[in-house]
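K.L.:
Structure of the sequence below:
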Amino acid sequence: MFNLSSEVKKVKTRIKPFENDLIIVVIIILVTLTSFGLYKLAELRENKTPITIERKTAIGENGILNTEKLFVASKNGAKYYYPWCSGVSRIKEENKVWFSTKEEAETAGYAPAANCKGL
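P.N.:
Prediction:
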């Protein structure tokens, strides 16, 4: 039958004369692997392309920034949406009605769209 503790003792007795040399070899291997890893890490950082964030702005017909147009509805519908909701793509440009606040849209008789998260 296989006895693990006796096998470990046999291996230890065979390694004992080479213990100092074995420690040096292990240290050399670890230093080599660490150096290679640090080199690769530095190479990745060096070749990294910078991230650019492009931000779309809502510019009105007159060229002025429209920061107050936060909600949109159709003049033929009963729901209002955020401009990025999927329902807005089905509204023709000439039928869009813009609001600054939820309260303004609700006062005009519109209700929040169920498929537009966050409303």
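K.L.:
Any stretches of this structure with poor pLDDT?
P.N.:
Applying pLDDT under 70 to the chain flags the ranges 1, 55-67.
K.L.:
Would you mark the buried spots in the lengthiest helix in it?
P.N.:
The longest helix of the chain (DSSP state H) is helix 19-46. Using 16 or more other Cβ atoms under 10 Å as the burial criterion, none of the residues of helix 19-46 qualify. For glycine as for every other residue, the C-beta is placed from the backbone atoms N, C-alpha and C.
K.L.:
Going forward, count from 39.
P.N.:
That works, and once the first residue is 39, the last one we named lands at helix 57-84.
K.L.:
C-terminal to that helix, what's the next element?
P.N.:
strand 109-112 (DSSP states H and E).
K.L.:
Check which helices and strands whichever helix or strand comes after that next one sits against.
P.N.:
For strand 109-112, the following helix or strand on the C-terminal side (DSSP H and E) is strand 117-119. Judged by 3 or more Cβ pairs under 8 Å, 6 or more residues apart in numbering; DSSP states H and E, the packing partners of strand 117-119 are strand 109-112, helix 140-145, strand 149-150.
K.L.:
Which one of the ones you listed lies nearest to I129?
P.N.:
The minimum distance between I129 and the helices and strands packed on strand 117-119 falls on strand 109-112, with 4.5 Å, by Cβ to Cβ.
K.L.:
same for the closest one, what does it pack against?
P.N.:
Judged by 3+ Cβ pairs under 8 Å, 6+ apart, the packing partners of strand 109-112 are strand 117-119, strand 134-137, helix 140-145.
K.L.:
For the last one, list every residue counted as buried.
P.N.:
Buried residues in helix 140-145, defined by neighbour count with 16+ other Cβ under 10 Å: A143.
K.L.:
Also the second one?
P.N.:
Neighbour counts using 16+ other Cβ under 10 Å place 135-137 of strand 134-137 among the buried residues.
K.L.:
chain center to stretch 114-133, what's the gap?
P.N.:
Stretch 114-133 sits 28 Å away from the centroid of its parent chain (Cα atoms, centre = their mean, to the nearest Å).
K.L.:
mind checking the end-to-end distance for it?
P.N.:
In stretch 114-133, first residue to last residue: 7 Å (Cα to Cα, to the nearest Å).
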